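**Student:** Structure of the sequence below:
(chains A and B)
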Amino acid sequence: EAGVTQFPSHSVIEKGQTVTLRCDPISGHDNLYWYRRVMGKEIKFLLHFVKESKQDESGMPNNRFLAERTGGTYSTLKVQPAELEDSGVYFCASSQVGVWGEQYFGPGTRLTVT
Amino acid sequence: AQTVTQSQPEMSVQEAETVTLSCTYDTSENNYYLFWYKQPPSRQMILVIRQEAYKQQNATENRFSVNFQKAAKSFSLKISDSQLGDTAMYFCAFMKVGGATNKLIFGTGTLLAVQP
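**Tutor:** Residues are numbered from 1 along each chain as shown, chains lettered A, B, ... in the order given. As a prediction, this is how the structure comes out:
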C-alpha cells in the first residue's frame, strides 16, 4: 500500500510568486491534514479536510493560503503571493474517519521563499 | 488552548544505552491521546508510540516505552538499547478526543543523535 505522497519535495520561489503544493493521501483515508514547520519551531496545524469538506481551517495563517481537495482525493495548498515568512516544511497527513489515533505523514515539501 | 513543551532541543546517547526524552503538556481536557513521532533524516515522520489518557498503564512498543504522569501532565519517552537507526528528530504531540477535528498539537522536537 502506498503511503502519503507529496509533491514537490522542495520548492524555491521568489517573494511575490505563487506556489502550489500537492498531497496524495493513503487510499481510503477520508481525513486529510496540512501542517507546517517553520525552522526550529513546532509543527503547526493548518487545516483538516474530511473528504472534500473543510472540517477545521483555524490554523490557516491568512488569506494568501488556499487549500482544496477535489473530489475528496488529493489536496492542494496554494500560497499566493508568497512571503518570506512562508518558508518552512509543509507536511500532509491522512487518517481513516472514525479511527482515533495515528495520522500517517508524508515526507513534506520544503518551501524556500527568497 | 493546549500546548506541548519539549525542553531538550538536542540529546546524544551512546549506542546500546538508554535515553529519556521529556515532554510536558498543558490542557484542561480529560480525554485525549498523546503521541511520540519520529522523523529520521530521510524526513518521513512515523508514529513511535501512543498513549490514551484514560489508560493508567504506560504504553510500550519493543524498545520504546513512556512514562505517563497524568496529574503532572508529563509524557516522557524512554528508548532502551539505543541503535544507530534511532537517530532522528522526535516530536511529542497531543490530540483532544471528541472534538470536531482530531488535529495534532506538537512540541518543538528533540534531535536525538545515537553515537557509535
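
**Student:** Near chain A, which residues of chain B are found?
**Tutor:** Residues of chain B lying near chain A by CB under 8 Å from any CB of the partner chain: B:4, B:33, B:35, B:37, B:42-47, B:50, B:91, B:93, B:95, B:97, B:100-109. Quick note: C-beta positions are derived from backbone N, CA and C, even for glycine.

**Student:** Show me the beta-bridge partners of residue 105.
**Tutor:** Just going to use chain A. Going by DSSP bridges, A:Phe105 is paired in beta bridges with A:Ala93.

**Student:** wrong one, I was asking about chain B
**Tutor:** B:Phe94.

**Student:** before we move on, what about B:Phe75?
**Tutor:** Here B:Phe75, judged by DSSP bridges, has bridge partners B:Phe68.

**Student:** per-residue confidence at the residue nearest to the spatial centre of chain B?
**Tutor:** With distances taken as CA atoms, centre = their mean, the residue of chain B nearest its centroid is B:Trp36 (3.0 Å). We note a pLDDT of 97 for B:Trp36 in this prediction.

**Student:** From chain A, how far off is it?
**Tutor:** 12 Å (CB to the nearest CB, to the nearest Å).

**Student:** What strand or helix carries that residue?
**Tutor:** Secondary structure assignment for B:Trp36, by DSSP states H and E: strand B:32-39.

**Student:** which other helices and strands contact that strand?
**Tutor:** The contact analysis (3 or more CB pairs under 8 Å, 6 or more residues apart in numbering or on different chains; DSSP states H and E) places strand B:32-39 against strand B:46-52, strand B:64-69, strand B:74-79, strand B:88-96.

**Student:** 10 Å instead, please
**Tutor:** Here strand B:32-39 touches strand A:88-95, strand B:46-52, strand B:64-69, strand B:74-79, strand B:88-96, strand B:105-106, strand B:110-115, going by 3 or more CB pairs under 10 Å, 6 or more residues apart in numbering or on different chains; DSSP states H and E.

**Student:** what's the model's confidence in the first one, averaged?
**Tutor:** Per-residue confidence for strand A:88-95 averages out to 96 on the pLDDT scale.

**Student:** just the strands in chain A please.
**Tutor:** Using DSSP state E, the strands of chain A run over residues A:5-7, A:10-13, A:19-24, A:31-37, A:43-50, A:53-56, A:65-68, A:75-79, A:88-95, A:104-105, A:109-113.

**Student:** buried stuff in stretch A:36-50?
**Tutor:** Within stretch A:36-50, the residues that count as buried by 16 or more other CB atoms under 10 Å in any protein chain shown are A:36-37, A:42-50.
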